[in-house]
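Participant: coords please:
(chains A and B)
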Protein chains: 2
Amino acid sequence: MTVGVLAVDGGQSGIKVRLESGGERTELKFPGVQTDEAVLPQLARVIKRIISETPARIDTVAVGTTGLVKEEHDAGRLAELIDSADLRHLALAHDSVTSYLGALGNEHGTVVAAGTGVVTLGVGPNRVARIDGWGHIMGDAGSGYWIGQQALMAVMRDYDGRGEHTALTAVVKERWPDLSEAYIDLQALPDRISTVASFAASVAELADSDQIAARICARAGKELADSAATALRRVGLESSGSVPVAAIGGVFEGQHVRESFTQELHTRHSGAQVQAVTGNGLDGVQLLAQLPAGHALQELISRCRR
Amino acid sequence: MTVGVLAVDGGQSGIKVRLESGGERTELKFPGVQTDEAVLPQLARVIKRIISETPARIDTVAVGTTGLVKEEHDAGRLAELIDSADLRHLALAHDSVTSYLGALGNEHGTVVAAGTGVVTLGVGPNRVARIDGWGHIMGDAGSGYWIGQQALMAVMRDYDGRGEHTALTAVVKERWPDLSEAYIDLQALPDRISTVASFAASVAELADSDQIAARICARAGKELADSAATALRRVGLESSGSVPVAAIGGVFEGQHVRESFTQELHTRHSGAQVQAVTGNGLDGVQLLAQLPAGHALQELISRCRR
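Facilitator: Numbers count the residues shown, from 1 in each chain, chains lettered A, B, ... in the order given. As a prediction, this is how the structure comes out:
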């Protein structure tokens, strides 16, 4: 029987899975991780299903996931839940670690991953630092949720006469023709987080022609640059001549945020090199299993071998 | 049988009820209004219970409530749900209206009611204007929730090294000793809105000695003043020599917010007179039933007479 390696990238919008076995690669997507309940059983369910449905003997499983609290950061416990006699090596990490590996691999630097939420991870020769990633209430400054929320607030300021007129008003009115009732509908939506974040795309589109949208993008870029610069400082790379900084995730597809981010970061750290990135989260998850011993990121990875 | 008048003040933290009958006054408190479900059945349940338990014949019911969407702003429908043959006059309004009446009665001016949320209502000779009150995601600028959220964000900035140290960190650590796990617990709490708002009290307490807390209070005061000045302008009172502005609710108990509010408002409207207020929401609800015909607030009140 062929041997298989399974990589699992657990995100809020979907659990992506890649199975490599006998030179073949299969990718699948399952419903997203619910961060308000235990994460390991959700992952174990998906992994057990794949193990049962594939003819290959899966001996290595690597997992990067969102929503991993400290007490769940335990590869041994996940291995118990998977309960497979074939499993020889299980590696488990927060998705900020696998985003980093997917973007920068073994290099020292910083990765800012900005989608609905945002988390920044810096890796130096001896230290790692996580910045933000504190969710939509306490943090996630400059994320898609943050941008969408700023847009909604600006629209209601326009509606009240507290703020300037903005073209974002017409966009939000498409969803809620009566703006005065919008908040009641929004607050009751089970998917209110992704609904708020969905307006970030319109902010990016309108930033060329609308002052308010442009200002939101500029502020988002500044927040994200602030996180990146803090990460570089905390891992001892603040005086390095040239340091790679990877800006990944949907938020950076907007030109205004990306430009603001790059400019602001250069005023804080002239050697920061903002990079185009080709690897994705699943590539990073695959690297988990093969990370060199002594790499600073090892301390953030839980492993189980048998 | 004596005739009774029932006043109902529906808030998120409790439904307060006052029954006046035969010269006697009884006040009771019931669990708060759930704003993510229909409000009228919740109010009708409380009102029916009081009608069934009191010996008086209740012929007048006045209700001011939070969470009232347009399609529920219908006294006739509430009367049907109450289904009492004794009922002769039912008046129903958003709690911003009854807060106004409780604070300023028949005078023209503006009331800013800032608790967990905030809503501002301006009343002029011919017009009324509601400003903000758009909930914790899209609005409520300067509210208790807003202040608490700014505090939590400042604490995580301190934790990351993105922001200055603040004494608020020690306060939040009392609740969550491991700050890196706080957001996961918070997001899953059913009472996360009031939990966030609960930190506003610490911000008020620390504002004398902590720069970050002082800045949050100053910004909250500015947001609230902005709403009040916008309300005065929209109802045609911007050039009145002297206009009463009532600042009510727990947020204004903090000296720093109150002072910032008063100062900022005076730079926008020199005639604004920030007032001490004695009447409460229930007093305002009682006035609903007796408001003079032709008062600008009549347009915001739904009535059913039979």
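Participant: identify the residue nearest the closest residue to chain B within the stretch 1-150 of chain A in space, chain neighbours excluded?
Facilitator: Residue of the stretch 1-150 of chain A nearest chain B, by C-beta to the nearest C-beta: residue A:135 (3.7 Å). C-beta: built from backbone N, CA, C; applies to glycine. Closest residue to residue A:135 apart from its sequence neighbours, by C-beta to C-beta, 6 or more residues apart in numbering or on different chains: residue B:183 at 3.7 Å.
Participant: name the residues that touch the helix or strand that the one you found is a member of?
Facilitator: Assigned by DSSP states H and E, residue B:183 belongs to helix B:179-188. With C-beta atoms under 8 Å, 6 or more residues apart in numbering or on different chains as the test, helix B:179-188 has contacts from A:35-37, A:67, A:69-70, A:130, A:134-139, B:152, B:155-156, B:159, B:169, B:172-173, B:175-176, B:192, B:195-196.
Participant: and if you look at stretch A:40-47?
Facilitator: For stretch A:40-47, the external contacting residues (C-beta under 8 Å, 6+ apart) are A:6, A:8, A:10, A:15, A:17, A:30, A:33-34, A:61, A:63, A:65, A:72, A:74, A:77-78, A:81-82.
Participant: can you point out the buried residues in it?
Facilitator: Within stretch A:40-47, the residues that count as buried by 16 or more other C-beta atoms under 10 Å in any protein chain shown are A:40, A:42-44, A:46-47.
Participant: most widely separated two among those?
Facilitator: Farthest apart among the buried residues of stretch A:40-47 by C-beta to C-beta are A:40 and A:46. That separation is 11.1 Å.
Participant: circling back to that earlier point, got a pLDDT number for the residue nearest to residue A:135?
Facilitator: Residue B:183 carries a pLDDT score of 93 in this model.
Participant: tell me where chain A has helices.
Facilitator: A:39-53, A:75-82, A:95-104, A:135-138, A:144-160, A:168-175, A:179-188, A:192-198, A:200-206, A:211-234, A:255-268, A:281-288 (DSSP state H).
Participant: how about the residues of the stretch 201-306 of chain A by chain B?
Facilitator: Counting by C-beta under 8 Å from any C-beta of the partner chain, the stretch 201-306 of chain A comes close to chain B at A:226-227, A:230, A:233-234.
Participant: select from the residues you listed the one having the most neighbours.
Facilitator: residue A:227 (31 neighbours; other C-beta atoms under 10 Å in any protein chain shown).
Participant: pull the number of nearby residues for the residue of the stretch 151-300 of chain A found nearest chain B.
Facilitator: At 3.7 Å from chain B, residue A:183 is the closest residue in the stretch 151-300 of chain A, using C-beta to the nearest C-beta. Here the number of neighbours of residue A:183 (other C-beta under 10 Å) works out to 22.
Participant: next: the one 3 residues further on.
Facilitator: Here the neighbour count serves as a burial measure; for residue A:186 (other C-beta under 10 Å) it reads 18.
Participant: do the same with residue A:65
Facilitator: By other C-beta under 10 Å, 26 other residues sit near residue A:65.
Participant: for it, give me its contacts.
Facilitator: A:8-11, A:33, A:39, A:43, A:92-95.
Participant: go again with 10 Å.
Facilitator: Residue A:65 makes contacts with A:8-11, A:15, A:33, A:35, A:39-40, A:42-43, A:72-73, A:78, A:92-95, A:97-98, A:285, as judged by C-beta atoms under 10 Å, 6 or more residues apart in numbering or on different chains.
Participant: try residue A:5
Facilitator: By C-beta under 10 Å, 6+ apart, residue A:5 lies in contact with A:18-21, A:56, A:58-62, A:89, A:286, A:289-290.
Participant: how about residue A:25?
Facilitator: Residues near residue A:25 by C-beta under 10 Å, 6+ apart: A:7, A:18-19, A:282.
Participant: could you dump those residues into CSV with pLDDT added?
Facilitator: Compiled in CSV, the contacts of residue A:25 are given as follows (pLDDT from 0 to 100):
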residue, pLDDT
A:7, 97
A:18, 96
A:19, 95
A:282, 92
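Participant: neighbour-wise, which one of those residues leads?
Facilitator: Each of the contacts of residue A:25 was scored for neighbours by other C-beta under 10 Å, and residue A:7 scores highest at 27 neighbours.
Participant: can you say which of the helices of chain A is packed in most?
Facilitator: Most buried of those, by mean neighbour count (mean count of other C-beta atoms under 10 Å in any protein chain shown): helix A:95-104, with a mean of 28.
Participant: what is the mean pLDDT for that one?
Facilitator: Helix A:95-104 carries an average pLDDT of 93.
Participant: let me know whether it sits next to chain B.
Facilitator: No - using C-beta under 10 Å from any C-beta of the partner chain, helix A:95-104 stays clear of chain B, with a minimum separation of 11.8 Å.
Participant: so which other helices or strands are in contact with that helix?
Facilitator: The contact analysis (3 or more C-beta pairs under 10 Å, 6 or more residues apart in numbering or on different chains; DSSP states H and E) places helix A:95-104 against strand A:3-10, strand A:57-65, strand A:89-94, strand A:109-114, strand A:118-123, strand A:128-131, strand A:243-248, helix A:281-288.
Participant: recalculate using a threshold of 6 Å.
Facilitator: If contacts are counted by 3 or more C-beta pairs under 6 Å, 6 or more residues apart in numbering or on different chains; DSSP states H and E, helix A:95-104 sits against strand A:57-65, strand A:109-114, strand A:118-123, strand A:243-248, helix A:281-288.
Participant: dump these to CSV, plus distance to residue A:271.
Facilitator: Listed next are those as CSV, based on distance: least, C-beta to C-beta, whole Å:
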stretch, distance to residue A:271
strand A:57-65, 28
strand A:109-114, 10
strand A:118-123, 14
strand A:243-248, 6
helix A:281-288, 24
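Participant: how far does stretch A:243-256 stretch from start to finish?
Facilitator: End-to-end distance of stretch A:243-256: 22 Å, with C-alpha to C-alpha, to the nearest Å as the criterion.
Participant: circling back: looking at the helices and strands packed on helix A:95-104, which has the lowest confidence?
Facilitator: What stands lowest among the helices and strands packed on helix A:95-104, in mean pLDDT terms, is helix A:281-288, with a mean of 92.
Participant: got a list of contacts for that one?
Facilitator: Residues from elsewhere that reach helix A:281-288, judged by C-beta atoms under 6 Å, 6 or more residues apart in numbering or on different chains: A:7, A:9, A:16, A:18, A:62, A:64, A:91, A:93, A:98-99, A:101-102.
Participant: what angle separates it from strand A:243-248?
Facilitator: Our comparison of helix A:281-288 with strand A:243-248, counting by axes from the mean of the first three to the mean of the last three C-alpha atoms, to 10 degrees, yields an angle of 130 degrees.
Participant: ok, residue A:79 touching residue A:306?
Facilitator: No - between residue A:79 and residue A:306 there is no contact under C-beta atoms under 6 Å: 7.8 Å.
Participant: residue A:306 and residue A:88: what is the separation?
Facilitator: 6 Å (C-beta to C-beta, to the nearest Å).
Participant: the two: who's more crowded?
Facilitator: residue A:88 (15 against 9).
Participant: can you report phi and psi for that one?
Facilitator: Residue A:88 has phi and psi values of phi -110, psi -30 when expressed as degrees, to the nearest 10.
Participant: okay, it: pLDDT?
Facilitator: Residue A:88 carries a pLDDT value of 95.
Participant: contacting residues for it?
Facilitator: Residues near residue A:88 by C-beta under 6 Å, 6+ apart: residue A:59.
Participant: so residue A:16 sits against residue A:9, correct?
Facilitator: Yes - using C-beta under 6 Å, residue A:16 makes contact with residue A:9 at a distance of 4.4 Å.
Participant: and the two? Which one has more around it.
Facilitator: Comparing residue A:16 with residue A:9 by other C-beta under 10 Å, the one with more neighbours is residue A:9, at 28 against 20.
Participant: any idea how far residue B:290 is from the more buried one?
Facilitator: Taken as C-beta to C-beta, the span from residue A:9 to residue B:290 is 64 Å.
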